[in-house]
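Chemist: Just a sequence and a predicted model for now, questions to come.
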Amino acid sequence: MTPESSMQAVLVATDDSGARAVAEAVARRRGSTVLCADQEGQVWGLLTAHKPRIMLLDMSMAEGAAEICEDVRADSSLESTVIVLLAPKGAADGIQRGMDSGADYFLTLPLDDGDLEDVVSLAFIE
């Protein structure tokens, strides 16, 4: 992956096949490269190797989602990565902790492709 394509890459970190399908479809419509992690242990390696523009991080899959957000914000090579938390409805405490830890946006599951398209569009403008 070239540096230019990394700037258009979207990391989809979820083990929810429905959310992954929606995220992949939205990212591909934008012409973005899609990277997938279906286990928490894969997330950091993909982040540091590819430096994606956007990371969609499923809080249900990644118990350490807040820590991942903090680590991304502490790494200057990932400063332009936009973090979007994917959270189950009713996860207010977890969402707040993730936002306090450096996430930029959050969306509730199940994912709505229109809402995700809006957030992805905003992230590529930033």
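Modeler: Arrived safely, thanks for sending.

Chemist: so where do the helices sit in this structure?
Modeler: 3-6, 17-29, 40-50, 65-74, 92-100, 113-125 (DSSP state H).

Chemist: what's the closest of these to Asp58?
Modeler: helix 17-29 (6.6 Å; Cβ to Cβ). The C-beta positions use only the backbone N, C-alpha and C, and glycine is treated the same way.

Chemist: got a list of contacts for the closest one?
Modeler: When contacts are defined by Cβ atoms under 8 Å, 6 or more residues apart in numbering, helix 17-29 is touched by residues 10, 12, 14, 33-34, 36, 38, 54, 56, 58, 86, 109-113, 116-117, 120.

Chemist: hmm, try it at 10 Å
Modeler: 8-14, 16, 32-38, 52-54, 56, 58, 60-61, 84, 86, 107, 109-121 (Cβ atoms under 10 Å, 6 or more residues apart in numbering).

Chemist: Check stretch 67-77 too.
Modeler: When contacts are defined by Cβ under 10 Å, 6+ apart, stretch 67-77 is touched by residues 13, 40, 43-44, 47-48, 51, 55, 57, 59, 62, 64, 78-79, 81-83, 85, 97-104.

Chemist: just the buried members of those residues?
Modeler: Neighbour-count burial (16 or more other Cβ atoms under 10 Å) is assigned, among the contacts of stretch 67-77, to 13, 40, 43-44, 47, 51, 55, 57, 59, 62, 78, 81-83, 85, 97-99, 101-104.

Chemist: now His43: how far from Leu111?
Modeler: Just to correct that, residue 43 is Val rather than His. Val43 is 18 Å from Leu111, where distance means Cβ to Cβ, to the nearest Å.
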